[in-house]
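here is the input, now give the coordinates:
(chains A, B and C)
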Amino acid sequence: MSWSWFHKLGSPKWFFQWSKKWAPPVFCLGVLGIVVGTAWGLAFAPKDYLQGNVFRIIYLHVPSAILAESCYLSLGIAGFVFLVWQMKMAPIFIKAMAPIGAVMAAIALFSGSIWGKPTWGTWWVWDARLTSVLVLFMLYMGIIAIQNALDDRVLADKAAAVICVVGVINLPIIKYSVVWWNTLHQPATFSFMKKPDMPEVMWMPLLICVVSFYLFVAGLVIWRMQTEILRREHRASWLKTEVVGDGI
Amino acid sequence: MTYFSYFKAECLVLFRRKQNLVNALLFFALVIVLFPLGVDPSKAFLAPAAGGIIWCAAALATVISLESMFKEDYADGSLEQLLVSGLSISWLVLLKVLVHWLGMIIPLLLLTPIFSEMLFLPDGVLGVLMTTLLLGTPGLFLIGSIGASLTVSLRQGALLMLLLILPFYFPIIIFSTSAIQAVASGLPYSGLLAIIGAISLLALVMSPLMTPICLKASVR
Amino acid sequence: MQSNISLTISDLWIERGDRDLCKGFSLTATSGDIIHILGDNGAGKSSLFKTLFGLVSPVEGEVQLNGEDVLSYRDPLLKQSLYISHALGLKSVFTVLENIRWYFPKVSEADIARVLSLLKIEGYLDVPIKALSAGQTRRVALARLWLSDLPVWFLDEPFSALDMVSIQLLEGRIREHAEQGGIVFFTSHQPVTLLSPRRVELTA
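Here you go, the predicted model:
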């Protein structure tokens, strides 16, 4: 297997040029998918026989909750890559991704709370999954806070990477501890192993929503990374030609 | 410089700066006092909550006391000297954590019976509470050292360190209070103690790997 | 002390923030060399030292000690070198003796007394560092130069806050160390009087 893609990915120049091609289609496809998925889910999918129309918030809640966790996993991997291989793009990725992950966790919390009011009769319960998303949100805020607190860029990058790695190692433990501590939440909607219990017309739009959320976040993070590259590499000559070539 | 001379120096610093330790213990006591004052002084509330209150106070006091762990070394240049000494910085970090932990855990274990009496901790639970403290606080200190190294170059780092580190304390606090509740209701608890010990062991692996990275990046 | 020792820096490129501190910096030092590193404030003299110790990662370049790469594995260099930086690395809660004992647990009481009297701080053995003046504190830190047997010295502004007598004493010690086969790198804004070091300018 050739590792050249790995080294290419580490170069801001290569990434910048590659991402110019890929960010718009990925982002647009994501937006389109979200529109289709939510419209289908909100307007056309059948009502849940127990929860009624309330269940439709699932089309926002589940994708954001899945993304909140996936984003953190990606931060952990990026942190590890940075600490081990000193790859230049990794801290750029962390910087770009952390706020998106925080927003996803916040959406998951809010939508879950709105869902909880009619179904459980309360805005908030100290249930395992809610609590672990809350903790996840705090971990994201910690990463953002340390990046803003440290003025020295090299130090801020290292510190954020360390927190990401420590976080990703601890996340299963935190999750397990809260699950063990208390559980009230319904089991996971999707699992890789078995077919969902929901009818197809209900889970199809959900699947579309989840996939489009991934694409949407991918597009967004690539754009944010481009901005960060512009900020960091402003002295590089390739960037000048690139920017002048774009007529900016 | 040798590991032993460093260890001796650390002990001496801790002794000369004992006021810091006293402050942390006073903070521990004050957090505990907040609960009867702020919530409910009745035995009905305090007795089941006592273990949790003591654990939360211990976790907060640990973060507060560890925040300045590397600060003085950073300011007077000895951190730089440690990094260029040719000794393994991971071992030096572990030695420092050991000294700080010993300095804190001994008075903490002496104070715990007094406070558990004041909080009406049920009979027969004290031993398990002490065991969880003994097993769990190394984890708190080791994870805390990572946080301390992250914020070493900041003048006001305590709040940020609380934000960064406290989420990682949740599992230790949860399992410790669960063990205390389990023993109070007559359930088996040895598995929980094993988990607490395992988390501390994991921290023992992580801290010497992560703390030097942040320390090196801070001294530049 | 090892008599033949050589430190080779080739094509070193260090940047700080968005600024190049030095680019294509090369230097070879062998036993007996005294090297005065010159440069304006912020030219990167301290960063050069910190790069050699692995506290700052260079963009490019190689550093070899006796032909062995020490940028990726720094222990051989760290075990051979003594570094005195701006921050002196003295604990303010310790006495003079405790500070010296921390660095040199095995050196005899008589040697410490001899060096301290040479530096005119013999009466302060049990005085806490925080009670000393800036110049006296500096001399306590510099006592390490007489007590240590490490061959490669990196001295960052060793002459600041010292009186004339102490400066001459220190220059004498640097020369003596070089004659014994050591290598000394130092930075200084003042010109030195007794020494005739190799002067190396640090420019971007």
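
now A:Leu139: closest residue in space that isn't a chain neighbour?
A:Gly167 (4.9 Å; CB to CB, 6 or more residues apart in numbering or on different chains). C-beta coordinates here come from the backbone N, C-alpha and C atoms, glycine included.

quick one: distance of the helix or strand containing that neighbour to the chain centre.
Using DSSP states H and E, the element containing A:Gly167 is helix A:153-181. Centroid separation between helix A:153-181 and its chain, computed with CA atoms, centre = their mean, to the nearest Å, is 15 Å.

after it comes which helix or strand?
Following helix A:153-181 in sequence order, the next helix or strand is helix A:200-232 (DSSP H and E).

by how many degrees do that following helix and helix A:153-181 diverge?
Helix A:200-232 and helix A:153-181 are oriented at 160 degrees to each other (axes from the mean of the first three to the mean of the last three CA atoms, to 10 degrees).

which strands and helices sit next to helix A:200-232?
Applying 3 or more CB pairs under 8 Å, 6 or more residues apart in numbering or on different chains; DSSP states H and E, one finds that helix A:200-232 contacts helix A:12-39, helix A:58-85, helix A:89-120, helix A:237-245.

list the buried residues in the shortest one.
Using 16 or more other CB atoms under 10 Å in any protein chain shown as the burial criterion, the residues of helix A:237-245 that qualify are A:239, A:242.

likewise for the first one?
Of the residues in helix A:12-39, those buried under the neighbour-count criterion (16+ other CB under 10 Å) are A:12, A:15-16, A:19, A:23, A:26-27, A:29-30, A:33-34, A:37-38.

now those in a markdown table, with pLDDT and distance to chain B?
Output for the buried residues of helix A:12-39, formatted as a markdown table (pLDDT from 0 to 100; distance: CB to the nearest CB, whole Å):
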| residue | pLDDT | distance to chain B |
| --- | --- | --- |
| A:Pro12 | 83 | 20 |
| A:Phe15 | 85 | 24 |
| A:Phe16 | 85 | 26 |
| A:Ser19 | 85 | 28 |
| A:Ala23 | 87 | 31 |
| A:Val26 | 91 | 32 |
| A:Phe27 | 91 | 31 |
| A:Leu29 | 92 | 35 |
| A:Gly30 | 92 | 30 |
| A:Gly33 | 91 | 33 |
| A:Ile34 | 90 | 30 |
| A:Gly37 | 88 | 32 |
| A:Thr38 | 86 | 32 |
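
closest to B:Phe27 among those?
Using CB to CB, the shortest approach to B:Phe27 within the buried residues of helix A:12-39 belongs to A:Pro12, at 46.0 Å.

could you find the closest non-adjacent residue to that closest one?
Here the residue nearest A:Pro12, using CB to CB, 6+ apart, is A:Ile229, at 4.8 Å.

that neighbour: how many residues sit nearby?
Look at A:Ile229: counted by other CB atoms under 10 Å in any protein chain shown, it has 22 neighbours.

what sits against it?
Going by CB atoms under 8 Å, 6 or more residues apart in numbering or on different chains, A:Ile229 touches A:12, A:15-16, A:92, A:239.

and chain C, which residues reach chain B?
C:47, C:50, C:53-56, C:75, C:78-79, C:81, C:83, C:85-94, C:98, C:101-103, C:105 (CB under 8 Å from any CB of the partner chain).

now the longest helix belonging to chain C, how far from the centre of its chain.
Longest helix of chain C, by residue count under DSSP state H: helix C:164-179. Taking CA atoms, centre = their mean, one finds helix C:164-179 lying 13 Å from the centre of the chain it belongs to.

contact partners of it?
C:32-34, C:118-120, C:135, C:139, C:142, C:145-146, C:153, C:155, C:158-159, C:162, C:184, C:186, C:190, C:192-195.

name the residues of chain B found near chain C, please.
Going by CB under 8 Å from any CB, the residues of chain B near chain C are B:1-2, B:4-6, B:8-9, B:12-13, B:16-17, B:72, B:75-78, B:80-81, B:83-86, B:216, B:219-220.

restrict these to contacts with chain A.
Filtered for proximity to chain A (CB under 8 Å from any CB), those shrink to B:Arg220.

report the buried members of the residues of chain B next to chain C.
Judged by 16+ other CB under 10 Å, buried ones among the residues of chain B next to chain C: B:1, B:6, B:8-9, B:12-13, B:72, B:76-78, B:80-81, B:83-86, B:216, B:219-220.

distance between the ends of stretch A:81-95?
14 Å (CA to CA, to the nearest Å).

no, scratch that, I was asking about stretch C:34-45
15 Å.

what sits against the residue of chain B found nearest chain C?
Residue of chain B nearest chain C, by CB to the nearest CB: B:Gly77 (2.6 Å). Counting by CB under 8 Å, 6+ apart, B:Gly77 touches C:85-90.

for the most centrally placed residue in chain A, which non-adjacent residue is closest in space?
The centroid of chain A falls nearest to A:Cys71 when counting by CA atoms, centre = their mean (3.4 Å). Spatially, and ignoring its direct neighbours in sequence, A:Cys71 is nearest to A:Gly101 (3.4 Å; CB to CB, 6+ apart).

I'd say C:Arg198 and C:Asp33 touch.
Yes: C:Arg198 is within contact range of C:Asp33, at 6.4 Å (criterion: CB atoms under 8 Å).

of the two, which one has the most company?
C:Asp33 (19 against 12).

from C:Pro191, how far out is that one?
Per CB to CB, to the nearest Å, C:Asp33 is found 18 Å from C:Pro191.

still on that earlier bit, since we're on the residue nearest to A:Leu139, how many residues are nearby?
By other CB under 10 Å, the residues close to A:Gly167 number 24.

wait, doesn't it sit right on A:Tyr140?
No: if you go by CB under 8 Å, A:Gly167 and A:Tyr140 don't touch, sitting 9.0 Å apart.
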